[in-house]
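Visitor: Task: produce atomic coordinates for the following.
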Amino acid sequence: PVILSDAMIVPFFSFVPWPEFSLKVPMGDVAGAVSRLRSMPSAKLKRMQESLHANACWFDYYSNDPTCSPYQGLLRVLQMQRSTPWEIR
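Guide: Modelled structure (predicted):
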């Protein structure tokens, strides 16, 4: 995924390795996003795609993995907030 935002907080950022499979582009650099994507080495794109597939269960409401699903992610965030309720997780 390409995230075009200056302020978006991605879900589950405390345990999902977003930088491994996504590219965050500031709104002021939208024009440069295409050139950044085109200049990425194919090996890096392949690693990003592999990481995306490895982490896709966090966004799959029909995931068969009992330890990795949006529901489990939400429960994990709630458990972390229970221990430190005023920090963003």
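
Visitor: buried set for the helix or strand of the chain with the lowest mean pLDDT?
Guide: Least confident helix or strand of the chain, by mean pLDDT, DSSP states H and E, is helix 30-39 with a mean of 90. Within helix 30-39, the residues that count as buried by 16 or more other CB atoms under 10 Å are residue 33. The way it works is simple: take the backbone N, C-alpha and C, and place the C-beta from them, glycine included.

Visitor: One more: stretch 39-51?
Guide: Across stretch 39-51, burial judged by 16+ other CB under 10 Å covers 48, 51.

Visitor: what are the ranges of the strands in the chain?
Guide: 2-4, 23-25 (DSSP state E).

Visitor: now the last one, how far from the chain's geometric center?
Guide: So that's strand 23-25. Put simply, strand 23-25 sits 11 Å off its chain's centre (CA atoms, centre = their mean, to the nearest Å).

Visitor: Next: stretch 75-88.
Guide: On CA atoms, centre = their mean, the centre of stretch 75-88 falls 19 Å from the chain's centre.

Visitor: so where's this protein shaky on pLDDT?
Guide: Low-confidence segments of the chain (pLDDT under 70): 85-89.

Visitor: Go again with 50.
Guide: Of all residues in the chain, none has pLDDT under 50.

Visitor: can you give me the helices in it?
Guide: Remark: helices assigned in the chain by DSSP state H are 18-21, 30-39, 42-55, 70-83.

Visitor: Centroid-nearest residue for the protein?
Guide: The centroid of the chain falls nearest to residue 18 when counting by CA atoms, centre = their mean (3.3 Å).

Visitor: got the contact list for that residue?
Guide: By CB atoms under 8 Å, 6 or more residues apart in numbering, residue 18 lies in contact with 10, 24.
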